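Visitor: let me see the structure of the following:
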Amino acid sequence: MTTNFVHLRLHSEYSLANGIVRIPALIDQCVEMGMPSVALTDLTNFYGLVKFFKKTKSQGIKPIFGVDLWVENLDKPAEPFALCLFVQNARGYNNACILISKSYQEGQAFNKAIVKREWLAQHSEGLIALSGGMRGELGQALLSGSNKISEIVADIKRLFPNRFYIELHRTAKPRQEEYIALALKCAYDNQLPVVATNEVHFLERSDFDSHEIRVCIHEGYTINDKRRAIEFTE
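Guide: Below you'll find the model as predicted:
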């Protein structure tokens, strides 16, 4: 049996902070590589969905609509948690639109559009969630040895019953292997499924420098500024 890999985390050029993938080139490459489906999960927006839908359908590829969000961190407000949501049905699409809109209208802080926890509780129906890996609430709790892990897991199961996946990344970042071990144990102990993902922000390795320049422009740093956090790898 042949297993096809599907990218579930991808930022296009519509993720103004950190994506340079052009949608037509993305779909052409999916066709070339024989990928049956691909997700678009731009940062706090659905700007590219119409172009994405038309191009995938014209090429016989199944589109997956998603969005990366920042969720408020009550303990450290300046460090919101990452969360990825996929649209499961029409209700989920409407709820995702509400969350995106409210984050801009009422949740802007620390140069981010942030989703408040009560909004997520009100608008989780029809949405499938990925944990956000090391930057998600569960990932941060695992790495810090928090005593709130059981509470976080219970909340997750309430918000996304049978619709939550723990993300595993392997991109040579610090503490990543430690996180994977902790996440797998948590998944086993709590009967939560896992999914391997990679945050795609550019299509070719040769695009890395161009991508980093875009990130620097957004963050207000120069490329050689030692204060700049290096978030992405080739």
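
Visitor: looks to me like residue 8 is in a helix.
Guide: No - applying DSSP: H, G, I helix; E, B strand; the rest coil, one finds residue 8 to be coil, outside a helix.

Visitor: how far away is the residue nearest to residue 200 when sequence neighbours are not counted from residue 19?
Guide: Of all residues not flanking residue 200 in the chain, residue 10 sits nearest, at 4.3 Å (CB to CB, 6 or more residues apart in numbering). In short, each C-beta sits where N, CA and C put it, glycine included. Applying CB to CB, to the nearest Å, the value for residue 10 to residue 19 is 8 Å.

Visitor: what's the answer for residue 91, then?
Guide: In terms of CB to CB, residue 91 sits 27 Å off from residue 19.

Visitor: which of these two has more neighbours?
Guide: A direct count of neighbours by other CB atoms under 10 Å for residue 91 and residue 19 places residue 19 higher, at 24 against 13.

Visitor: in stretch 165-174, which residues are buried?
Guide: Buried positions in stretch 165-174, judged by neighbour count with 16 or more other CB atoms under 10 Å: 165, 166, 167, 168, 169.

Visitor: shouldn't the second one be within a strand?
Guide: Yep, that's residue 166 we're talking about. Yes - membership of residue 166 in a strand is supported by three-state DSSP.

Visitor: per-residue pLDDT, residue 82?
Guide: Looking at residue 82, its pLDDT reads 97.

Visitor: spell out the secondary structure type for it.
Guide: strand.

Visitor: that one: neighbouring residues, count only.
Guide: Under the criterion other CB under 10 Å, the count of neighbours that residue 82 has is 21.

Visitor: packing partners for the longest strand along the chain?
Guide: For the chain, the longest strand by residue count, based on DSSP state E, is strand 62-71. Where contact means 3 or more CB pairs under 8 Å, 6 or more residues apart in numbering; DSSP states H and E, strand 62-71 is packed against strand 37-40, helix 49-58, strand 81-87, helix 90-106, strand 112-115.

Visitor: who touches both of residue 10 and residue 19?
Guide: The contact sets of residue 10 and residue 19 overlap at residue 201 (CB atoms under 8 Å, 6 or more residues apart in numbering).

Visitor: now name the helix or strand holding residue 155.
Guide: Under the criterion of DSSP states H and E, residue 155 resides in helix 149-159.

Visitor: now for that helix, which elements pack on it?
Guide: Using 3+ CB pairs under 8 Å, 6+ apart, helix 149-159 is in contact with helix 137-144, helix 176-190.

Visitor: can you lay out the ones you listed as JSON lines showing mean pLDDT and distance to residue 57?
Guide: Shown next, in JSON lines, are the helices and strands packed on helix 149-159 (pLDDT from 0 to 100; distance: least, CB to CB, whole Å):
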{"stretch": "helix 137-144", "mean pLDDT": "97", "distance to residue 57": "34"}
{"stretch": "helix 176-190", "mean pLDDT": "97", "distance to residue 57": "34"}
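
Visitor: out of the ones you listed, which one sits most buried?
Guide: Highest mean neighbour count among the helices and strands packed on helix 149-159 (mean count of other CB atoms under 10 Å): helix 137-144, with a mean of 20.

Visitor: angle of that helix against strand 62-71?
Guide: Angle, helix 137-144 to strand 62-71, by axes from the mean of the first three to the mean of the last three CA atoms, to 10 degrees: 60 degrees.

Visitor: got the CA positions of helix 137-144 in PDB?
Guide: The C-alpha trace of helix 137-144 is given here as PDB (Å, rounded to 0.1, in the frame of the first residue of the first chain):
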ATOM      1  CA  GLU A 137      -0.200  25.400  25.400                       C
ATOM      2  CA  LEU A 138       0.300  21.600  25.900                       C
ATOM      3  CA  GLY A 139       3.800  21.700  24.500                       C
ATOM      4  CA  GLN A 140       4.800  24.500  26.800                       C
ATOM      5  CA  ALA A 141       3.400  22.700  29.800                       C
ATOM      6  CA  LEU A 142       5.200  19.500  28.900                       C
ATOM      7  CA  LEU A 143       8.600  21.300  28.500                       C
ATOM      8  CA  SER A 144       8.200  23.200  31.700                       C
END
